[in-house]
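Could you work out the structure for the sequence below:
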Amino acid sequence: MTVRRSAAALATTAVLLGAAAPVAVAAPSPSPSAELPAGLYGTTDPTYDGVWRQSLAFLAQKIEYVTPSTAAVDWLVGQQCDSGAFTSYRDASKPCDASTVMDTNATAVAVQALVEINQRRDDANNGADWLKSVQNEDGGWGYNPGSPSDANSTSIVIGALARTGVPVNELTTADGSTPYTALQSLAIPCGDEDGGAFAYQPGKKGELTANLDATAASVLGLMGKGIASGTSNAVKDPSCTKGDDLSPEQTAQNGSFFLADALKKSPYLVQAPMPGAENTEPQPDYGNTADAVVALAASGHTDKAEASVAWLQKNATDWAKQGGPAATAQLILAAHATGADARSFGGVNLVKQLNTMGPAPAATALPSPTPTGPQPSSGTDSDDSGLSLGWLIGIGLVAGAGIGFVLSMRRKKQQP
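The predicted structure follows:
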């Protein structure tokens, strides 16, 4: 689990595992709802993951035809600095200054969210411009501006820039490096141990150590895709291609090969015990497993993720509820990517669960979309109305259904 995962998520995992989270990564104690900013999703302290969880909630809602409330969107945009950057969370009553810690991951996920919900496009473009301005010389991005590039940050920034229409392969540095070459430099060559996998960052001696989370992120990044990716057309079984001059697509498929092999051995990925944990045995990593499912589906290997989706349905719904908006959103994204029903996932209506974690949505439409069926608008047009044509049509169908809509909702098993 890399630093892309919030400290709050780590603390939640520790609680679920009965372990004590280390002081270095422990999130503050949950805050009463009355103390949280209006419009924010979740009930825990947002210091480390406010923008992240809000944005993931929007991404998951969009693919399920849910329009977030104006208050929720206003809260997210209110976190943005004039430069276009976002922090993990800040007191929006105070202006950003030299002491404000800018966060590439928060900025990238917020940009993706605003583009997908088709609102505040100027703010999304402002965020994309800031991301371009802090690109490292090797072509990638670190968690904060100026920090060494890592696979996760580079991948999520690629997704954000691609969604705003930026030609990522044209973002070259002085030596000709691109975001794709930065990611490819972290790929472990096929034929080596853990071939196909990606490292989060090089070690002190330049060595590359396989990191499952970084691998899932890099597959999406090298394919130029965002977090809310559906299913690509099926391709042949993933294989690991050797060579020094591979295309980004080939390197992404190598990563899929590694993920598929890992999930063939076990339907879930594991995380190493956290320092100080009472249980020293490796534990299931629900979030990483969900990310791997999305990566495999996006690269054309949904069949390799089927067992993992079934495992998530049986085991991960309690984790999602306790993990809050971000965890619930991750399961919705995994369900969507593989054609599972997010409104009946392991007997849980994940969409309803997510909706109740924040302000009441402005609109909700049914039926639940499938990864290969009609999709919501990508939001590439500048339209501040918040409702794309696809959404308006869906809402119109719901209105015409009348009482049938209500009855169909009641038939579904839902959680409060």
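
tell me which residues of stretch 135-152 are tucked away?
Applying a neighbour-count criterion of 16 or more other CB atoms under 10 Å, the buried positions in stretch 135-152 are 135-136, 138-143, 145, 149-152. Backbone N, C-alpha and C define where each C-beta goes, glycine included.

Make TSV out of those residues and add pLDDT.
As requested, those are exported to TSV (pLDDT from 0 to 100):
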residue	pLDDT
Gln135	98
Asn136	98
Asp138	97
Gly139	97
Gly140	98
Trp141	98
Gly142	97
Tyr143	97
Pro145	95
Ser149	98
Asp150	98
Ala151	98
Asn152	98
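
tell me the mean pLDDT for stretch 233-251?
Within the predicted structure, the mean pLDDT of stretch 233-251 is 90.

Show me what it is in contact with.
180, 183-184, 187, 189-191, 195-196, 218, 222-224, 253-254, 256-258, 260, 299-304 (CB atoms under 8 Å, 6 or more residues apart in numbering).

Include secondary structure and distance to Gln80 when you put the buried residues of stretch 135-152 into CSV, please.
Formatted as CSV, the buried residues of stretch 135-152 follow (DSSP: H, G, I helix; E, B strand; the rest coil; distance: CB to CB, whole Å):
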residue, secondary structure, distance to Gln80
Gln135, coil, 19
Asn136, coil, 22
Asp138, coil, 27
Gly139, coil, 25
Gly140, coil, 23
Trp141, coil, 18
Gly142, coil, 20
Tyr143, coil, 18
Pro145, coil, 15
Ser149, coil, 23
Asp150, coil, 23
Ala151, helix, 25
Asn152, helix, 21
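
Of all pairs in the residues you listed, which one is the farthest apart?
Put simply, by CB to CB the two of those set farthest apart are Pro145 and Ala151, 17.3 Å from each other.

any low-confidence regions in the stretch 301-416 of the chain?
Across the stretch 301-416 of the chain, residues meeting the criterion (pLDDT under 70) sit at 367-416.

which stretches of it form strands?
Using DSSP state E, counting those that start in this stretch, the strands of the stretch 301-416 of the chain run over residues 363-364.

which residues of it fall in helices?
All helices of the stretch 301-416 of the chain, identified by DSSP state H, counting those that start in this stretch, fall at 306-315, 317-323, 325-338, 350-355, 389-401, 403-411.

Please apply the same query to the stretch 1-150 of the chain.
Listed in chain order (using DSSP H, counting those that start in this stretch), the helices of the stretch 1-150 of the chain are 7-17, 50-63, 70-78, 104-116, 121-133.

For the ones you listed, give me TSV that also has mean neighbour count, mean pLDDT and distance to Gly230.
As requested, the helices of the stretch 1-150 of the chain are arranged in TSV below (neighbours: other CB atoms under 10 Å; pLDDT from 0 to 100; distance: least, CB to CB, whole Å):
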stretch	mean neighbour count	mean pLDDT	distance to Gly230
helix 7-17	21	39	24
helix 50-63	27	97	8
helix 70-78	19	97	23
helix 104-116	29	97	12
helix 121-133	20	97	20
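
Redo these as TSV? Include distance to Gln330.
As requested, the helices of the stretch 1-150 of the chain are arranged in TSV below (distance: least, CB to CB, whole Å):
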stretch	distance to Gln330
helix 7-17	10
helix 50-63	7
helix 70-78	18
helix 104-116	12
helix 121-133	22
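
Of these, which is nearest Lys204?
Put simply, out of the helices of the stretch 1-150 of the chain the one that sits nearest Lys204 is helix 104-116, at 22.9 Å, with distance taken as CB to CB.

Just want the angle from that closest one to helix 70-78.
140 degrees (axes from the mean of the first three to the mean of the last three CA atoms, to 10 degrees).

Can you tell me which helices and strands helix 104-116 packs against?
helix 50-63, helix 70-78, helix 121-133, helix 151-163 (3 or more CB pairs under 8 Å, 6 or more residues apart in numbering; DSSP states H and E).

Put together CSV for those helices, with distance to Gly323 on each row.
As requested, the helices and strands packed on helix 104-116 are exported to CSV (distance: least, CB to CB, whole Å):
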stretch, distance to Gly323
helix 50-63, 9
helix 70-78, 19
helix 121-133, 26
helix 151-163, 18
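
Can you say which of those is nearest to Leu333?
For the helices and strands packed on helix 104-116, distance to Leu333 was read as CB to CB. The smallest value, 5.8 Å, belongs to helix 50-63.

Now do the longest helix belonging to the chain and helix 151-163, the angle between them.
For the chain, the longest helix by residue count, based on DSSP state H, is helix 248-265. With the same axes, to 10 degrees defining the directions, helix 248-265 sits at 130 degrees from helix 151-163.

what packs against the helix or strand just after helix 248-265?
Following helix 248-265 in sequence order, the next helix or strand is strand 270-271 (DSSP states H and E). Contacting strand 270-271 under the criterion 3+ CB pairs under 8 Å, 6+ apart are the following elements: strand 283-284.

For the strand it packs on, what is the distance to the chain centroid?
20 Å (CA atoms, centre = their mean, to the nearest Å).

what's the answer for stretch 311-322, then?
Worked out by CA atoms, centre = their mean, stretch 311-322 lies 17 Å from the chain centre.

what's the span of that stretch from first residue to last?
End-to-end distance for stretch 311-322, by CA to CA, to the nearest Å: 18 Å.

Buried residues, it. List them.
Neighbour-count burial for stretch 311-322 flags Trp311, Leu312, Gln313, Ala316, Thr317, Trp319, Ala320, Lys321 (criterion: 16+ other CB under 10 Å).

go on, stretch 327-346?
Neighbour-count burial for stretch 327-346 flags 327-346 (criterion: 16+ other CB under 10 Å).

Could you export that stretch as PDB, keeping only the C-alpha atoms?
Output for stretch 327-346, consisting of C-alpha atoms alone and laid out as PDB, is shown next (Å, rounded to 0.1, in the frame of the first residue of the first chain):
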ATOM      1  CA  ALA A 327     -14.000   2.500  -0.100                       C
ATOM      2  CA  THR A 328     -17.600   2.300  -1.200                       C
ATOM      3  CA  ALA A 329     -16.700   4.200  -4.400                       C
ATOM      4  CA  GLN A 330     -13.900   1.700  -5.200                       C
ATOM      5  CA  LEU A 331     -16.300  -1.200  -5.000                       C
ATOM      6  CA  ILE A 332     -18.800   0.600  -7.300                       C
ATOM      7  CA  LEU A 333     -16.000   1.300  -9.800                       C
ATOM      8  CA  ALA A 334     -15.000  -2.400  -9.700                       C
ATOM      9  CA  ALA A 335     -18.600  -3.500 -10.100                       C
ATOM     10  CA  HIS A 336     -19.200  -1.200 -13.000                       C
ATOM     11  CA  ALA A 337     -16.000  -2.200 -14.800                       C
ATOM     12  CA  THR A 338     -16.900  -5.900 -14.700                       C
ATOM     13  CA  GLY A 339     -20.700  -5.700 -15.300                       C
ATOM     14  CA  ALA A 340     -21.700  -6.500 -11.700                       C
ATOM     15  CA  ASP A 341     -24.700  -4.800 -10.200                       C
ATOM     16  CA  ALA A 342     -23.500  -2.100  -7.800                       C
ATOM     17  CA  ARG A 343     -27.100  -1.800  -6.500                       C
ATOM     18  CA  SER A 344     -27.000  -5.400  -5.400                       C
ATOM     19  CA  PHE A 345     -23.400  -6.200  -4.700                       C
ATOM     20  CA  GLY A 346     -23.100  -9.000  -2.200                       C
END
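
No further queries at this time; thank you.
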